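Chemist: coordinates for the following, if possible.
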Amino acid sequence: MNDQCGLKRRHVLHSLMASGVVGVAGGWTNLVRAANAITLPFENGLRELTTDFPQKGEMVLLRSRPPLLETPFSVFDQGVFTPNDRFFVRWHLASIPTRVDARTFRLTVHGSVARELDLGLDDIRKGFEHVEFAAVNQCAGNSRGFFKPRVAGGEWGNGAMGNALWTGVRLRDILDRAGVKAGAVQVRYRGLDKGVIAATPDFIKALGVDHARDGEVMVAFAMNGQPLPLLNGFPLRLVVPGWYSTYWVKMLNDIEVIDTPDQNFWMAKAYQIPDTPHANVSPEQTGVKTIAINRMVPRSFFTNVSDGSVIDVGATQTVRGIAFGGDTGVSKVLFSSNGGASWSTASVGRDFGKFSFRRWEARFMPRNAGQHVLKVKAINDKGEAQPDEPNWNPGGYMRNLVESVTVVAA
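Modeler: You can find the predicted model right below:
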């Protein structure tokens, strides 16, 4: 997909109305038959590559049920927007509907509201103003495989993220139609996925009322000009720009306004980070205060070179990559060709909005044969820069250190 990814709204609406039932023939069983493999750049990094999931191209397989599919990192060199069929997948609960009928699907809004709502997809598409914006969706545990010492959880490389142009309606407009009552403090969300045993807590996330009504949180029905793929949340998902994807509830079918802080498992116990700078603690620390994970932090990556890439000595080299500012825009990207001893400002490509990936590019000439350590650092509009040292926490969350690759000039 090129950087000019423009939405054809009529086509999107027609596709949604015509799609009817979206599903997987035969369910999720016997899907994975991958013969190819890839080695992610950390210990025990061998992963299968699979093309056997619906509406997906070749993906890195971490787990088949519930699906954890990582975007092969080479995809990010193709453009700012991540194609839908290569967009990462992360589900928490194993019982995911394999068929969703868009004609009978309902979204309910209830709780501390003046009017309960029961909305079909046509009600949402035709009854509210459409909005669209680009935003990065990134798993909180993206890059967890690089943590040392290792921690429990999906051992992602750097590909548990993607950037899309999202289309939908403002959550604020839906809440305003319902009429949020005075005294409400949070809005919580759940989808159609369930645990395989009754004791499994439903996957429920919550946002403060002011955040939910800030005009940026979206109930999305399309990404990159097409209806959401089933594995990315068809027919509706919450889009919370600038925040980690744990809040981006998929197959969204229930919105509840509550007047006390949500204490469900997925808010009070799971996805907790140390309340410290960079969510950083030492492995032996205990008793550290924690808070629910929330906003993202700046990151940048190389996309056309990797460790061990061979380049021509004495010739000008162009390196490029992607950067994003976390919960705000990218101010600048810095590049170093000498392991961080000195830095220069990289050129930054078109701005698709403060929550989007941006392309960056830099040039250098390796004058000597041998290894050269390249580094890249993003600084966002708040002045926050990627740190030089990695953080560590028991959840393996929020890694965003300065990225480096070692290339060989010959």
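
Chemist: distance check, Phe147 against Met267.
Modeler: With distances taken as C-beta to C-beta, to the nearest Å, Phe147 is found 23 Å from Met267. No exception for glycine: its C-beta is placed from N, CA and C like everyone else's.

Chemist: try Gly395
Modeler: Separation of Gly395 from Met267 (C-beta to C-beta) stands at 14 Å.

Chemist: can you pull out the strands in the stretch 1-150 of the chain?
Modeler: 21-23, 36-39, 46-50, 59-64, 67-70, 89-90, 99-101, 106-111, 117-120, 130-138 (DSSP state E, counting those that start in this stretch).

Chemist: who does the last one pair up with?
Modeler: Applying DSSP bridges, strand 130-138 is found paired with strand 161-170 (antiparallel).

Chemist: between the helix or strand just after the strand it pairs with and strand 106-111, how big is the angle?
Modeler: Of the helices and strands lying after strand 161-170 in sequence (DSSP states H and E), the nearest is helix 171-178. Computed by axes from the mean of the first three to the mean of the last three C-alpha atoms, to 10 degrees, the angle separating helix 171-178 from strand 106-111 equals 70 degrees.

Chemist: outside of helix 171-178, which residues touch it?
Modeler: Among residues not part of helix 171-178, those counted as contacts by C-beta atoms under 8 Å, 6 or more residues apart in numbering are 109, 113-117, 119, 124, 128-129, 187, 212-215, 217-219, 238, 255, 257.

Chemist: mind checking which of those residues land in helices?
Modeler: With DSSP state H as the criterion, helices contain Ile124, Ala212 from among the contacts of helix 171-178.

Chemist: for PyMOL, write the select line for the buried members of the contacts of helix 171-178.
Modeler: A single PyMOL command is used to select the members of the contacts of helix 171-178 judged buried by 16 or more other C-beta atoms under 10 Å:
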select buried, resi 109+113+117+119+124+128+187+212+213+217+218+219+238+255+257
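
Chemist: okay, domains of this structure per the record?
Modeler: Under automatic domain parsing, the residue ranges defining each domain of the chain are 1-270, 299-409.

Chemist: hey, least reliable of those domains by pLDDT?
Modeler: Across the domains of the chain, the stretch with the lowest average pLDDT is domain 1-270; it has a mean of 91.

Chemist: and Asn393, what element?
Modeler: No secondary structure element spans Asn393, as it lies outside all helices and strands (assigned by DSSP H and E).

Chemist: looking at it, it is touching Ala279, isn't it?
Modeler: Yes: with contact defined as C-beta atoms under 8 Å, Asn393 and Ala279 form a contacting pair (5.2 Å).

Chemist: need the overlap of contacts for these two.
Modeler: Ile273.

Chemist: rewinding a little: include distance to Thr167 when you put the strands of the stretch 1-150 of the chain into JSON lines, please.
Modeler: As requested, those are exported to JSON lines (distance: least, C-beta to C-beta, whole Å):
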{"stretch": "strand 21-23", "distance to Thr167": "17"}
{"stretch": "strand 36-39", "distance to Thr167": "32"}
{"stretch": "strand 46-50", "distance to Thr167": "28"}
{"stretch": "strand 59-64", "distance to Thr167": "24"}
{"stretch": "strand 67-70", "distance to Thr167": "23"}
{"stretch": "strand 89-90", "distance to Thr167": "20"}
{"stretch": "strand 99-101", "distance to Thr167": "18"}
{"stretch": "strand 106-111", "distance to Thr167": "16"}
{"stretch": "strand 117-120", "distance to Thr167": "17"}
{"stretch": "strand 130-138", "distance to Thr167": "5"}
